[in-house]
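In: Quick one: sequence and predicted model below, then my questions.
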Amino acid sequence: MNALIGFFSEPVTPSTLLDRFRAVRRRSLSLASLLSAEDMVVQSMPDASPSKWHLAHTTWFFETFVIAPSVDGYRVFDEAFGYCFNSYYDAVGPRHPRSMRGLLTRPALARVLAYRKHVDARMDEILRDGPDSELAALVELGLAHEEQHQELFVMDAQHLFAQSPLLPAFDPAFRPPPACGRAAFLRVDGGLVSIGTSDGAFAFDNERPAHLVWLEPFEIADRLVTNDEWLAFIEAGGYAQSEWWLSDGWDRCRDEGWAAPLYWKRDADRWFEMTPKGLVPLDRQAAVQHVSYYEADAYARWRGARLPTEMEWEHAVATHRTRVRQVSDTAWQWTSSAYAPYPGFVPAEGAVGEYNGKFMSGQLVLRGGASITPPGHARPTYRNFYRAHQRWMFAGVRLARTTVDRDAKHAFLRDAIAGLSRSPRSLPPKYFYDDAGSALFEAITETPEYYPTRTEMALLDEVKGELALLLDGFDVLVELGSGASRKTDRVLDANPGFSKYVPIDISRDALDGAVTRLRAARPALAIFPIESDFTKSIDLPFELKDQPTVVFFPGSTIGNFDADDAVALMDAVRRAVAQGAKFIVGVDLVKPASTLRAAYDDAAGVTAAFNRNVLMRMNRELGADFDVDAFAHRAVWNAEKSRMEMYLVSSKAQTVHLAGRSFAFEAGDVIHTENSHKFTLASFRDLAERAGWRVEHAWIAKENPFALLLLGNLAD
């Protein structure tokens with residue numbers, strides 16, 4: 001159970017507080033009406049409590065902490081109830097052992113209900129008279145406390161019924177939250193962020209005070225892990241392989257025979273799940289629930305991800321309110337954070353203040369809320385907590401990943417220093433494509449001289465019918481260097497069977513813009529954006545790895561690579577996808593030098609600005625001091641190597657500083673920034689075959705020759 005201590009400093013009108021009190025108390029009785037008197041006595045395990053005890057304990061709270069201190073001469077309903085229904089309050093007196101609450105056959109249920117009626121009547125009098133702000137705050141605390149027990153009421157009853165051979169339903173009308181379908185990782189910027197709350201709204205004291213923490217950039221899943229994804233973990237031997245598990249978790253897994261989430265049951269080749277509605281067929285698309293921290297952590301490791309910290313979770317929800325789904329309506333979400341006090345935490349005075357501090361040891365924080373959490377009870381700063389092995393609560397999994405921003409910056413710096421140190425000087429063309437560079441490239445494609453984009457798009461329109469036949473049966477489209485995804489629509493239209501799209505690009509802005517547009521235009525398309533440098537690795541989402549896949553690599557970007565690097569990239573693509581995959585590659589063919597030079601040195605100077613942007617990026621990100629205006633753009637056709645070459649030419653003698661090093665330039669010295677190889681069909685076929693691909697179909701645009709090639713795996 002979560003913390004009980006709270007504050008409520010905003011004024012509350014008696015009628016509003018009275019109405020809320022009555023509504024919360026009625027909800028507890030509504031939950032109780034779903035059970036028989038016999039159901040309400042039994043305790044299924046030491047962590048759970050009988051339903052009758054929950055009804056009595058929440059009533060005891062109001063009698064002990066609100067009525068008794070504020071009503072002169074008040075006599076408690078029953079002297080024995082303080083012993084029977086105290087939970088953890090040592091300052092209030094001794095209590096009945098938690099593990100033996102199921103032995104409390106007396107007082108009878110009727111006596112407990114009479115107790116509630118008695119206390120509710122006295123509370124009505126207090127709230128009608130108008131409590132002061134301090135007493136109103138205590139009442140709000142009591143209501144939040146009862147809402148916590150309403151959730152425990154359902155958890156404990158479900159656990160009880162799961163032990164019965166009849167597997168009865170707690171609530172036959174229970175409606176689980178809808179499945180979310182498509183999934184994606186969201187990029188979340190780090191920095192100095194505020195966590196917790198210090199405003200006047202109600203919050204438990206473990207949510208206070210607000211404080212600053214430093215977060216590195218990270219990624220977080222926009223939905224929870226599904227049952228279908230968890231089944232893959234089971235089928236891959238996840239519960240039988242120690243390599244994924246923490247040591248204590250692995251011991252617990254073996255000792256208790258864990259083989260699936262707590263309430264899963266297998267009948268032959270079918271899985272079922274115990275829910276508040278009883279035993280039902282497992283909904284494979286629904287979020288997995290009733291897993292321990294140990295299981296959640298093992299699954300995350302198996303997926304090559306991790307659990308978010310509670311600070312990451314809160315910051316992600318705050319910054320991506322509309323994009324993070326299943327926040328508080330499905331399942332509580334394990335974090336990797338130990339339950340500990342915030343800096344500046346001070347427990348409240350008196351008996352109610354002892355609850356939180358003494359539980360800040362040996363537990364993990366969960367964030368969010370569940371389908372059984374009372375409406376309005378959860379909030380982004382809420383800190384739930386349980387022990388790592390516990391499973392009966394409605395707990396699920398949201399994955400996180402560490403971004404490689406720091407490593408990427410180091411790689412940029414390393415490549416920049418190496419490139420400026422060699423002779424002749426050069427820089428890898430991938431560093432053109434920060435957000436500004438990606439926008440400039442899109443502008444290049446609109447210039448009248450730059451033929452590749454419009455030629456390729458026209459060719460895609462022309463061969464759409466043939467592609468439709470050749471791509472029939474393929475479900476996943478992966479695009480390398482997707483940019484604005486302007487050509488994607490042509491391929492998606494060619495094969496309506498594509499239900500999943502994976503754009504991979506190094507520019508976050510380009511990805512975000514493309515994904516926003518496509519999700520609006522194609523709501524049925526599941527999109528899995530990946531912000532990544534595909535030249536380093538191609539790592540498709542786990543759930544797509546074995547699905548029929550087409551990889552799309554347009555724009556003749558393959559021409560930016562030297563032969564060996566192009567072969568390595570195409571080989572990496574082949575290894576990343578399932579057998580039977582296809583590869584569509586746009587390839588620019590050899591043509592007159594005048595056409596090529598104009599395309600790479602447009603009259604408006606857009607390509608020149610694109611070329612110089614890499615210097616601006618080094619100034620901005622690496623602290624260099626290039627005089628950008630002192631470098632001119634030059635485009636050269638190298639007939640011997642069949643490629644266009646781009647250079648930045650120093651217009652004067654100058655010295656550039658980067659990371660404590662000095663690089664001297666004379667007038668006329670150059671930095672080689674890009675190659676764009678032009679092919680014949682024969683020369684490209686040779687490259688493809690070296691990488692394990694064969695050219696199955698070739699379509700060629702006659703004006704400004706450009707080829708669209710469909711490749712198949714040589715091994716198929």
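Out: Here it is on my side, so go on.

In: burial count for the nearest residue to Val71 once chain neighbours are set aside?
Out: Leaving aside its sequence neighbours, Val71 sits nearest to Arg122 (Cβ to Cβ, 6 or more residues apart in numbering; 6.8 Å). (C-beta placed from N, C-alpha, C; glycine too.) Residues lying near Arg122 (other Cβ atoms under 10 Å) number 18.

In: what's the helix or strand hosting Arg122 packed up against?
Out: Using DSSP states H and E, Arg122 maps to helix 109-129. Counting contacts by 3 or more Cβ pairs under 8 Å, 6 or more residues apart in numbering; DSSP states H and E, helix 109-129 is packed against helix 14-32, helix 51-62, helix 133-162.

In: Now mean pLDDT too, for the ones you listed, in JSON lines please.
Out: Listed next are the helices and strands packed on helix 109-129 as JSON lines, based on pLDDT from 0 to 100:
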{"stretch": "helix 14-32", "mean pLDDT": "90"}
{"stretch": "helix 51-62", "mean pLDDT": "98"}
{"stretch": "helix 133-162", "mean pLDDT": "96"}
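
In: wait, which of those is closest to Pro554?
Out: Taking Cβ to Cβ, helix 133-162 is the member of these nearest to Pro554, at 51.4 Å.

In: tell me the angle the closest one makes with helix 14-32.
Out: Angle of helix 133-162 versus helix 14-32, following axes from the mean of the first three to the mean of the last three Cα atoms, to 10 degrees, is 10 degrees.

In: what are the pairing partners of the helix or strand that comes right after helix 133-162, and which direction each?
Out: Per DSSP H and E, the first helix or strand lying C-terminal to helix 133-162 is strand 185-188. Strand partners for strand 185-188, identified by DSSP bridges, are recorded as strand 218-221 (antiparallel).

In: quick one: contacts of the partner strand?
Out: Strand 218-221 is contacted from outside by 183-188, 190, 305, 308, 312-313, 316, 320, 324, 398-403, using Cβ atoms under 8 Å, 6 or more residues apart in numbering.

In: So what's the residue count around Phe474?
Out: By the criterion of other Cβ under 10 Å, Phe474 has 18 neighbours.

In: Specify the beta-bridge partners of the most centrally placed residue in the chain.
Out: Closest to where the C-alpha atoms of the chain average out (Cα atoms, centre = their mean) is Ala221, at 1.4 Å. Counting by DSSP bridges, Ala221 forms beta bridges with Phe185.

In: from the helices and strands packed on helix 109-129, which stretch is densest packed?
Out: Greatest average neighbour count among these goes to helix 51-62 (a mean of 25), per mean count of other Cβ atoms under 10 Å.

In: Could you tell me the angle between that one and helix 14-32?
Out: 160 degrees.

In: For helix 51-62, which helices and strands make contact with it?
Out: Using 3+ Cβ pairs under 8 Å, 6+ apart: helix 51-62 touches helix 14-32, helix 81-85, helix 109-129, helix 133-162.

In: Tell me which of those helices lies nearest to Pro50.
Out: Evaluated with Cβ to Cβ, the helices and strands packed on helix 51-62 place helix 133-162 nearest to Pro50, the distance being 7.6 Å.

In: for the closest one, the distance to its chain's centre please.
Out: Relative to the chain's own centre, helix 133-162 is displaced by 29 Å; criterion: Cα atoms, centre = their mean, to the nearest Å.

In: same question, stretch 625-633
Out: With Cα atoms, centre = their mean as the basis, stretch 625-633 stands 41 Å off its chain's centre.

In: Can you list the buried residues in it?
Out: Buried residues in stretch 625-633, counted by 16 or more other Cβ atoms under 10 Å: Phe626, Ala630, Phe631, His633.

In: can you give me the end-to-end distance of it?
Out: 18 Å (Cα to Cα, to the nearest Å).

In: Could you pull up the mean pLDDT of it?
Out: Mean pLDDT, stretch 625-633: 97.

In: which residues sit in contact with the residue lying closest to Ala287 once chain neighbours are set aside?
Out: Nearest residue to Ala287 in three dimensions, chain neighbours excluded: Leu224, at 3.9 Å (Cβ to Cβ, 6+ apart). Counting by Cβ under 8 Å, 6+ apart, Leu224 makes contact with Cys180, Ala287, Val288, Gln326, Thr330, Ala331, Gln333, Gly396, Val397, Arg398.

In: So Leu224: helix, strand or coil?
Out: Classification of Leu224 by DSSP: H, G, I helix; E, B strand; the rest coil places it in coil.

In: Break down the stretch 251-400 of the chain into its helices, ranges please.
Out: 293-302, 310-319, 354-357 (DSSP state H, counting those that start in this stretch).

In: closest to Ala259 out of those?
Out: The closest of these to Ala259 is helix 293-302. By Cβ to Cβ, the value is 10.7 Å.
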